[in-house]
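Enquirer: Coordinates only, no sequence provided:
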């Protein structure tokens, strides 16, 4: 059976460009590059600019990562300082 | 909004029945009030009612932030109170900010975070509908979503500050673990320590009793102590502001007939129109008859009379009235009489009080008779009953309706009941109906014990109950100890001697 790579669709919600936001954005981008090269979509959303999107996704805390694909949907909250936890949460080895 | 001359904190009238009374004008405006209570103490209902009343009575929009129940569930629950939240949402009067936990989607938390998402959504919602009122339900549920309570506390503090900046008057709910003890479970009161309201749902003598207490309002006045409240379908919360009712009733000199000429004479010309009269007697002494005459004569004379009966059925009452010459059916058809019969056990005392108040407000009677108070005592705790008596009397006095209430004494001869202990000081007149055992015969005696603001006869008069109703006769001249419950015959000479003891010369 061909090991077709699973596509990842990720959203990262942040509130403004705070140091916490920057840290989360940096960490997530690096993880994507290192672990999901060529098979991910990452959208960084500043809720100050897009409050409607925050409403739709029922965002409470920021930063929040939502893994929309692959299903099931997963949510990670925090500045992503613990990379191991993030990798575990995203389950980058999913279906491989 | 109400601002007083003392440069006091401005208050926002809530519109929740009774709440504005006990808070002396409403919630402190543009501030945050904590509503704490155990599970099932109606925190969510109070919060919802606060928003609903804002829309319905003050045309103020509201935001409901829910950490616990999903918005869909709240919408459905509130329909039962007659609040069509979905319609208000379409009219931009109500917005949900739904931050309830997603089932099965437990988030992983790693590192520091803030409630930026929540704040932006709340700001957005407040601005879209121009909200003046915000409810956050509940703080405890926020803590259950995150393990690091230090961060949650810091972030809630920022939310509270954010609400202040938005200029909204907010109500935050929080859980308590016990009815008496710490204000809240997570020490959240420190965020909003300025104003705290406590809701209780206490089991007392096997009866549930809901109360509300304003624990503190920093820098402004409020009424102290617990006030009972009730949750009514189609209406929401109704607080009964018992002790807060001032003795502001005017006093009327106009007299109305008791329905019995001779009794009127004993009272110095009838009952006062705005007075509460207590008729006390053992079973079979004619209390219901007095009630029938009071309402029957009143209604026949063109006054509107309300009769609330807790002991007899309509059929019984109507049949008895018929035998004493009153056609209750006709009087009711003519709109002069309204008879309400209810079993005391059907609802709590608070609900009975609200039901009676509703009847009085809609029917607008000139006279009210309640038969009997003792029957209600069965369904209540002592405290609840006392509050009921105070609530009822102050209300009927406010409305200036002549009121007759009856109370059954537990013993045949003499005696008083708990009922009387609670109500005797707040009634204007007390009439005692007592059995008198004389020479192997049971006879009946009536005396006017108290008649506030008027002369009244001091004799104990014998009376008979016959086809004409209650017929008063002569005073007992040679019996002593009737009220003590030990009637004794004395000779005519003894009566003379006793009279002589107290004579002037």
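Expert: That came through, no problem. Remember, it's a predicted structure, so these values are computed and weren't measured experimentally. Residues are numbered from 1 along each chain as shown, chains lettered A, B, ... in the order given.

Enquirer: Okay, residue B:409 and residue B:141: tell me how far apart.
Expert: 53 Å (C-beta to C-beta, to the nearest Å). Heads up, the C-betas are built off the backbone N, CA and C, glycines and all.

Enquirer: where's the closest residue to chain B within chain A relative to residue B:162, distance?
Expert: Per C-beta to the nearest C-beta, residue A:15 is where chain A lies closest to chain B, at 2.8 Å. Going from residue A:15 to residue B:162 by C-beta to C-beta gives 12 Å.

Enquirer: Helices of chain A, start to end?
Expert: A:19-35, A:51-56, A:83-90 (DSSP state H).

Enquirer: Let's have those in CSV, adding mean pLDDT.
Expert: CSV is the format used below for the helices of chain A (pLDDT from 0 to 100):
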stretch, mean pLDDT
helix A:19-35, 89
helix A:51-56, 88
helix A:83-90, 82
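
Enquirer: Which of those sits closest to residue B:213?
Expert: Residue B:213 sits nearest to helix A:51-56 of all the helices of chain A, at 36.5 Å, using C-beta to C-beta.

Enquirer: still on that earlier bit, residue B:409 and residue B:141 - which one has more neighbours?
Expert: residue B:409 (24 against 19; other C-beta atoms under 10 Å in any protein chain shown).

Enquirer: Pipe the helices of chain A into CSV and attach distance to chain B and mean neighbour count per row.
Expert: Converted to CSV, these look like this (distance: least, C-beta to the nearest C-beta, whole Å; neighbours: other C-beta atoms under 10 Å in any protein chain shown):
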stretch, distance to chain B, mean neighbour count
helix A:19-35, 6, 17
helix A:51-56, 4, 16
helix A:83-90, 4, 16
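
Enquirer: Looking at those helices, spot the one closest to residue B:423.
Expert: Going by C-beta to C-beta, the one of the helices of chain A nearest residue B:423 is helix A:51-56, 56.3 Å.

Enquirer: ok, now which ones touch residue B:306?
Expert: Contacts for residue B:306 were tallied using C-beta atoms under 8 Å, 6 or more residues apart in numbering or on different chains; they are B:295, B:337-338, B:340, B:359-360, B:363, B:365, B:367-369.

Enquirer: number of nearby residues for residue B:374?
Expert: Neighbours of residue B:374 (other C-beta under 10 Å): 24.

Enquirer: quick check, it in a helix?
Expert: Yes - judged by DSSP: H, G, I helix; E, B strand; the rest coil, residue B:374 forms part of a helix.

Enquirer: out of everything not next to it in sequence, what's closest to it?
Expert: residue B:408 (4.2 Å; C-beta to C-beta, 6 or more residues apart in numbering or on different chains).

Enquirer: ok, that neighbour - contacts?
Expert: Counted by C-beta under 8 Å, 6+ apart, residue B:408 has contacts B:280-283, B:287, B:372, B:374-375, B:417, B:419.

Enquirer: What's the per-residue pLDDT of it here?
Expert: Per-residue pLDDT puts residue B:408 at 86.

Enquirer: What ranges does the stretch 251-400 of chain B have for its strands?
Expert: Listed in chain order, the strands of the stretch 251-400 of chain B (DSSP state E, counting those that start in this stretch) span B:255-256, B:271-272, B:276-281, B:305-309, B:337-341, B:367-371.

Enquirer: Partner strands of the longest one, with direction?
Expert: This means strand B:276-281. strand B:402-408 (parallel), strand B:429-438 (parallel) (DSSP bridges).

Enquirer: and among those strands, the most buried is which?
Expert: Across the strands paired with strand B:276-281, averaging neighbours per residue (mean count of other C-beta atoms under 10 Å in any protein chain shown) puts strand B:402-408 on top, at a mean of 27.

Enquirer: could you give the mean pLDDT of stretch B:228-245?
Expert: Mean predicted confidence for stretch B:228-245 is 80.

Enquirer: Show me what from chain B comes close to chain A.
Expert: With the criterion set to C-beta under 8 Å from any C-beta of the partner chain, chain B comes near chain A through B:97-99, B:102, B:104-121, B:123-124, B:145-146, B:155.

Enquirer: Return a PyMOL selection command for the buried portion of those.
Expert: Remark: buried members of the residues of chain B next to chain A, expressed as a PyMOL selection using 16 or more other C-beta atoms under 10 Å in any protein chain shown:
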select buried, chain B and resi 97+98+99+107+108+109+110+111+112+113+114+115+116+117+118+119+120+121+123+124+145+146+155
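
Enquirer: So the closest residue to residue B:451 other than its chain neighbours versus residue B:353, what's the distance?
Expert: In space, and not counting its chain neighbours, residue B:451 is closest to residue B:429: 4.8 Å by C-beta to C-beta, 6+ apart. Using C-beta to C-beta, residue B:429 is found at 22 Å from residue B:353.

Enquirer: Could you pull out the buried residues of stretch B:375-389?
Expert: Applying 16+ other C-beta under 10 Å to stretch B:375-389 flags B:375-377, B:379-381, B:384-389 as buried.

Enquirer: First-to-last residue distance for it?
Expert: 13 Å (C-alpha to C-alpha, to the nearest Å).

Enquirer: Same question for stretch B:268-276.
Expert: Per C-alpha to C-alpha, stretch B:268-276 runs 16 Å from first to last residue.

Enquirer: pLDDT below threshold where in chain B?
Expert: For chain B, the stretches flagged by pLDDT under 70 are B:1-8, B:103-105, B:185-193, B:205, B:242-252, B:413-422, B:498, B:502-505.

Enquirer: Find the nearest non-adjacent residue to the residue of it found nearest chain A, please.
Expert: Per C-beta to the nearest C-beta, the residue of chain B with the smallest distance to chain A is residue B:116, at 2.8 Å. With C-beta to C-beta, 6+ apart as the criterion, residue B:116 has its nearest non-adjacent residue at 2.8 Å, and that residue is residue A:15.

Enquirer: neighbours around that neighbour, how many?
Expert: 24.

Enquirer: Quick check on it: phi, psi?
Expert: phi -110, psi 100 (degrees, to the nearest 10).

Enquirer: now it: how far from residue B:119?
Expert: 8 Å.

Enquirer: before we move on, what about residue B:479?
Expert: 81 Å.

Enquirer: Share the number of residues neighbouring residue B:469, please.
Expert: Using other C-beta under 10 Å, residue B:469 has 21 other residues around it.

Enquirer: I'd like to know how many residues surround the residue nearest to it when sequence neighbours are not counted.
Expert: In space, and not counting its chain neighbours, residue B:469 is closest to residue B:324: 4.7 Å by C-beta to C-beta, 6+ apart. Residues near residue B:324, counting by other C-beta under 10 Å, number 17.

Enquirer: got a list of what residue B:324 touches?
Expert: Applying C-beta under 8 Å, 6+ apart, we find residue B:324 in contact with B:289, B:292-293, B:296, B:467-469.

Enquirer: And the furthest pair within those residues?
Expert: Within the contacts of residue B:324, B:296 and B:467 form the most distant pair, 14.2 Å apart (C-beta to C-beta).

Enquirer: Give the residue from those two that has the larger number of neighbours.
Expert: Set residue B:296 next to residue B:467 and count neighbours by other C-beta under 10 Å: residue B:296 wins out with 24 against 8.

Enquirer: who's in contact with the more buried one?
Expert: Contacts for residue B:296 (C-beta under 8 Å, 6+ apart) come out as B:259, B:305, B:321, B:324-326, B:328, B:331.

Enquirer: Swap in 6 Å and give it another go.
Expert: Residue B:296 sits next to residue B:326 when contact means C-beta atoms under 6 Å, 6 or more residues apart in numbering or on different chains.
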